[in-house]
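In: With the sequence up front, the predicted model follows.
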Amino acid sequence: MNLEKYKLQVRRYWQMIIFRYDIRREYFTIGIPVLLAFLLLASALFAGHALPMGGSDSSSGSLADLPVEEREKLAKELAAKIEEAEAAGENADIDMKTLLEEKTTPKKKDLDHIIIYALLIAIIPFAIDTFIQKKKLRQQEIAFSEFLFKMAELMRGGIDPVKAVIDLSKSDLGAIDKPIKNAATKLVLGHPFEYAMEGVAEELKSKLVSKYNNVIVQAAYTGGNVADLMQRTSEDMRAVIGIEREKEGNLKQYVVIFYLAQGVIVLLIYLLSTSLLPMIQGAGSEALGSDAITNIDFQLGFFHLIMINATFGGLIIGQISEGDIKHGFKHTAVLVVVSYLACTSLILPAGPADSYSIELVSGGNQKLPGPGMPVTDPLVFSVKDQQGNPAENITVEFSISPPSGHIAVNKTTNSNGTVSVAPTLGKSDGWYTIEAKAGISKATASVKAGY
């Protein structure tokens, strides 16, 4: 008994808060999720996350972004390091870019993933609420048609519409029990029948209920054989609901087609990423006469394409199948989640865990006759796991500094845990640094253009 009393008090206080501060459900289904998504993006930007732009990985900052004093300081440090290396008889294979990387914190280029998380946070609550509200509305419409049938039966027995509503409110009416009870209370207090039934339509918020509710009110005031009219109205409403169900059932085939199309896109891109693109990137300068294509991150572009298609494809599904774009958010959420999981497991390079290590095996410290030439011997890197065993199928990302040179963006280790790359140096003499990155582990190799 005390528990029921406590629940009643909580319900009263909650209703008082809602009426006083005009709290709407949209605050919880749209406002708060969107705010959380915005805060997530803002915190990610503040923490140094950035969008990956494809191509070779570059430093988080550039000399142009630094003040003049900082650039002069870096230049002095660079000159001092070069003098120390030359005095020790070592190769002074350090440049301003390498020094800048040591002085700056690299940005985490995963903002596109965070945008997807923020999108899901923003739309999933609204999608769930929309799905629940539509299901509830359909149940209320069916219950209202049954209410009309019961009301017609009572009126056949000689009971007037007002007394019929009051009597039916004492029985279990399912999804419309509360609105009918509120209408009965208004009728007991002396309010007109029209006012009470309009309250039912406002509470249910259904266009179908509002249309047939007007028929009931007009029939009650007109008089005549109201019971037969009420029964035909109930049957007509059931027929309309049945037609709506049949229409949605017929349109479900298009929903399946859209889902299958998204799956086909993911499958085709997976096949391209694992077969055709490695061949194109490997051919590089020999086949196409330029190394520019090797610096294009196709996997990243395909990932963005799939996510954009999933986002807007879901909205289109909702518009076509249910007649309102808001019903497409649930399809968007499903497509984005499934496509994201497929991309991260099949298409995007899977970076190894912190326990992996990478080191240069051969090909370092080569000296070429001049700039613009490919290395004589490929650079070979070895990736091992925590136990020191060769790590197979691990994606290794490559970059070259200065960035005027060309190199494949990423490659995958073979069964021996090794990966080889043959970069082409830039158009200027000097030392070039090739960096291989497996997860957070890095290894470098130096190649000189010009004797």
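Out: Here it is on my side, so go on.

In: just the helices in the chain please.
Out: Per DSSP state H, the chain carries helices over the ranges 2-21, 26, 32-46, 68-87, 96-103, 111-156, 161-169, 177-188, 193-204, 207-222, 226-271, 277-288, 298-322, 329-342.

In: between the ones you listed, which gets the lowest average pLDDT?
Out: Set side by side, those give their lowest mean pLDDT on helix 96-103, at a mean of 52.

In: So the residue nearest to residue 368 when sequence neighbours are not counted versus residue 116, what's the distance?
Out: For residue 368, ignoring the flanking residues on the chain, the nearest one in space by Cβ to Cβ, 6 or more residues apart in numbering is residue 449 at 5.4 Å. In this view, the C-beta of every residue, glycine as well, is placed from N, C-alpha and C. To residue 116, residue 449 is 41 Å away according to Cβ to Cβ, to the nearest Å.

In: Neighbour count: the two, which is higher?
Out: Counted by other Cβ atoms under 10 Å, residue 449 and residue 116 do not tie: residue 449 has more neighbours, with 22 against 19.

In: my read: that one touches residue 404, true?
Out: No. Judged on Cβ atoms under 8 Å, residue 449 makes no contact with residue 404 at a distance of 10.2 Å.

In: Next, show the common contact partners of those two.
Out: Each of 426, 428 lies in contact with both residue 449 and residue 404 under the rule Cβ atoms under 8 Å, 6 or more residues apart in numbering.

In: okay if I get the helices of the chain as CSV plus distance to residue 52?
Out: Output for those, formatted as CSV (distance: least, Cβ to Cβ, whole Å):
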stretch, distance to residue 52
helix 2-21, 44
helix 26, 35
helix 32-46, 13
helix 68-87, 26
helix 96-103, 17
helix 111-156, 6
helix 161-169, 62
helix 177-188, 52
helix 193-204, 49
helix 207-222, 47
helix 226-271, 17
helix 277-288, 17
helix 298-322, 6
helix 329-342, 15
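
In: among these, which is nearest residue 398?
Out: For these, the distance to residue 398 is smallest for helix 277-288, at 10.7 Å, taking Cβ to Cβ.

In: Mind checking the helices of the chain for the one nearest to residue 426?
Out: Closest among the helices of the chain, using Cβ to Cβ: helix 96-103, at 12.2 Å.

In: For the one residue sitting closest to the centre of the chain, give its distance to residue 419.
Out: Against the mean C-alpha coordinate of the chain, by Cα atoms, centre = their mean, the closest residue is residue 116 at 3.1 Å. Separation of residue 116 from residue 419 (Cβ to Cβ) stands at 29 Å.

In: Please apply the same query to residue 407.
Out: 12 Å.

In: quick one: residue 49 and residue 115 touch, right?
Out: No. Judged on Cβ under 8 Å, residue 49 makes no contact with residue 115 at a distance of 9.8 Å.

In: Spit out the contact partners of the residue of the chain positioned farthest from its centre.
Out: No residue in the chain sits farther from the centre than residue 158, which is 59.8 Å out by Cα atoms, centre = their mean. For residue 158, no residue meets the contact criterion (Cβ under 8 Å, 6+ apart).

In: Name the residues of stretch 191-208 that are buried.
Out: 193, 196-201, 203-204, 206, 208 (16 or more other Cβ atoms under 10 Å).

In: Just put those in JSON lines and tack on distance to residue 424.
Out: Below are these laid out as JSON lines (distance: Cβ to Cβ, whole Å):
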{"residue": "193", "distance to residue 424": "87"}
{"residue": "196", "distance to residue 424": "83"}
{"residue": "197", "distance to residue 424": "81"}
{"residue": "198", "distance to residue 424": "78"}
{"residue": "199", "distance to residue 424": "78"}
{"residue": "200", "distance to residue 424": "77"}
{"residue": "201", "distance to residue 424": "74"}
{"residue": "203", "distance to residue 424": "72"}
{"residue": "204", "distance to residue 424": "70"}
{"residue": "206", "distance to residue 424": "68"}
{"residue": "208", "distance to residue 424": "69"}
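
In: Identify, from those, the entry nearest to residue 127.
Out: residue 206 (20.5 Å).
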